[in-house]
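Engineer: need a structure here:
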Amino acid sequence: MRSINRQYLAFEWQRISRLPLGTIASKAAAKTLGVALGLLLLPLTLILHLAGYRHVTVFTDRIGHLALEPDCLLKEQALRLLPRRKRILLAPPRRVANEHLLTYWKPHFIVLRSGLGCFLVAHMSSFGLMRHDISHYARNIGKAQDAYRVYADWGDRPPLLKLNTEDELWGAQMLRKLGLPDQAWFVCVHAREGGYSPIDETLHSHRNSHIENTIPAMREIIRRGGWVIRIGDSTMRHLPEMEKVIDYAHHPEKSDRLDIVLCAKARFLLGNTSGIALVSSAFGIPCALTNMIPLGVLWFNAFDISIPKLVRYQSSNKILTIEDVLGSEIATYQYASQYKAGGLVVEENSAEDIRCLTIEMLDQLEEKLMESGNDHAIQLRAHALINQGHYAYKTRAKFSLTFLRNHPELIDPIETVSG
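Structural biologist: From the prediction side, this is the model:
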């Protein structure tokens, strides 16, 4: 954990050091003013705290956090694990990753949009009063993320989020406009690239992958009767033209609203360790996740399936087993520089592994997936290695059976049983 904090602090120092002196001075002045206002308004803060008002610390800048964090809080409240409060969500201008997703949370929160209002409430709650810190759901650096516990507690209950009638009707029209026939089913496909947030790409470049490696999986979806909608942003590489494949990332109809509708209406989402998949999760849509890293991330729901990036030592070319990774601090590496410093090479999933994952998800959805006793034992063995110090502790999601079958070197064969 100390290593993670050092890496992040080094990144923050480099980022701040590149700012103009005037910008640094204005930020420092704003911080000083905020502290002063927080102290001055302390009596009012106390009154509001006693009245049940709480500023919830949702990270609205990233779509994954904007989907997952309010969802977890509301699920805990529905399960009566949290008391009901008058919860305030700060959504200042230009700090909301998806404006339409925010509309789904507005019935449940007091949403502040003005810059001044957000500034005041943020500093009024900076001393602990009137504050509900929810960073433990998905920003618990170097530790297990409580979101997995919440989703496990929620179990097989229906998702809290469901497309409203207006979005259902509008979405049907937009799917026709994209070229899908009525009643056609589709899969959203996403491969993380570095263009969306270049400012922190030095931290997270190890999470990237190539969209080209998903093309055989796309062809499998089409062969099984579906369509493919590639989601993402306009900085991404273009897909080659393919029948029944829509490169929505570069489509003129792309919008915040359609992003949410697509994630909520897909048969499943084929993605990776990127926040857009959490929109599908919040709406109860299955996710097949590729190139997961750290290895112990997995996903959230029992119907989710994932495959990790392989990690090997550069010096010996040895592939690390699941036990090698989860039994060491490598399991907590969150930044690209940590892998480099450890002499490790991170290998992207092959096109064939991604195709096999897609087949497994399609078979699961069609109730055709066959699991042997040995498969079950391997799955249990892999899950048993995830302990309370790992990111996805208490996850209900699965490692891909076909991936474990195709990579027997990842699990100690001594620990498996015959079928």
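
Engineer: in the one helix or strand residue 377 maps to, what counts as buried?
Structural biologist: Under DSSP states H and E, the secondary-structure element containing residue 377 is helix 373-384. Using 16 or more other Cβ atoms under 10 Å as the test for burial, helix 373-384 gives 375, 377, 378, 379, 381, 382. Heads up, the C-betas are built off the backbone N, CA and C, glycines and all.

Engineer: I'd guessed the fifth one sits against residue 408; true?
Structural biologist: No. Look at residue 381 against residue 408 with Cβ atoms under 8 Å: they stay out of range, at 12.0 Å.

Engineer: ok, and the closest non-adjacent residue to the residue most central in space within the chain?
Structural biologist: The centre of the chain sits closest to residue 275, judged by Cα atoms, centre = their mean, with a distance of 3.3 Å. Once flanking residues are discounted, residue 275 sits nearest to residue 64: 2.1 Å by Cβ to Cβ, 6 or more residues apart in numbering.

Engineer: and for that neighbour, the neighbour number?
Structural biologist: 19 (other Cβ atoms under 10 Å).

Engineer: packing partners of the helix or strand hosting it?
Structural biologist: Per DSSP H and E: residue 64 is located in helix 63-78. Using 3 or more Cβ pairs under 8 Å, 6 or more residues apart in numbering; DSSP states H and E, the elements in contact with helix 63-78 are strand 53-56, helix 99-105, helix 146-154, helix 276-282.

Engineer: re the thing from before, just checking, the residue nearest to residue 275 touches residue 138?
Structural biologist: Yes. When contacts are counted by Cβ under 8 Å, residue 64 is listed as touching residue 138 (7.4 Å).

Engineer: can you give me the strands in the chain?
Structural biologist: Secondary structure of the chain, counting by DSSP state E: strands at 53-56, 86-90, 110-112, 131-132, 186-189, 227-230, 245-246, 269-271, 287-292, 305-308, 310-313, 344-347, 398-399.

Engineer: can I get these in a markdown table including mean neighbour count?
Structural biologist: Supplementary listing: the strands of the chain in a markdown table, determined by neighbours: other Cβ atoms under 10 Å:
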| stretch | mean neighbour count |
| --- | --- |
| strand 53-56 | 22 |
| strand 86-90 | 22 |
| strand 110-112 | 17 |
| strand 131-132 | 18 |
| strand 186-189 | 26 |
| strand 227-230 | 25 |
| strand 245-246 | 21 |
| strand 269-271 | 27 |
| strand 287-292 | 26 |
| strand 305-308 | 26 |
| strand 310-313 | 18 |
| strand 344-347 | 16 |
| strand 398-399 | 22 |
